[in-house]
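Asker: Mind folding the following:
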Amino acid sequence: MLDVVLRVLNNVRAWAAARPEHSGVGLWAVELSLLLPSHAARLRYERARLLVQRGEYAAGAGELEAYAEVVGAVDEEAAALVRGEARAARALLN
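Answerer: Numbering: from 1, shown residues only. The predicted model follows:
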């Protein structure tokens, strides 16, 4: 049953990704996916990027930094890139 729900949410995310004006729907689908018992850590990154895209720069930057901490345990280079995205998001606050 959870596989079906995840598949539907993935389809909604894919649909919304192709339509930036519907980023709210994409964010909703990501947030619901994160509530499932098992989810990919990459969803946290997707959520952070959607928050930044929607103008929620501080929240998105915070989520990017949290994701960088998780990724840093495995790939420090990727974590550094994500931290750079977080700095760029914070710079948009000015």
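Asker: Could you report the neighbour count for the closest residue to residue 53 other than its chain neighbours?
Answerer: Distances taken as Cβ to Cβ, 6 or more residues apart in numbering put residue 23 closest to residue 53, at 5.3 Å, once the chain neighbours are dropped. No exception for glycine: its C-beta is placed from N, CA and C like everyone else's. Other residues near residue 23 come to 17 when the count uses other Cβ atoms under 10 Å.
Asker: elements contacting the helix or strand harbouring residue 14?
Answerer: Residue 14 is located in helix 2-17, with elements delineated by DSSP states H and E. Packed against helix 2-17 by the contact rule (3 or more Cβ pairs under 8 Å, 6 or more residues apart in numbering; DSSP states H and E) you find helix 23-34.
Asker: which residues sit against the very next helix or strand once past the helix it packs on?
Answerer: Per DSSP H and E, the first helix or strand lying C-terminal to helix 23-34 is helix 42-53. With contacts defined as Cβ atoms under 8 Å, 6 or more residues apart in numbering, helix 42-53 is touched by 13, 20, 23, 26-27, 30-31, 33-34, 57, 59-61, 63-64, 66-67, 70, 82, 85, 89, 92.
Asker: rerun that using 6 Å as the cut-off
Answerer: Helix 42-53 has contacts (Cβ atoms under 6 Å, 6 or more residues apart in numbering) with 23, 26, 27, 30, 33, 34, 59, 60, 63, 64, 67, 89.
Asker: In these, find the pair that's most separated.
Answerer: Largest separation among the contacts of helix 42-53 by Cβ to Cβ: 33 and 89, giving 21.6 Å.
Asker: Neighbour count for those two, which is higher?
Answerer: residue 89 (24 against 20).
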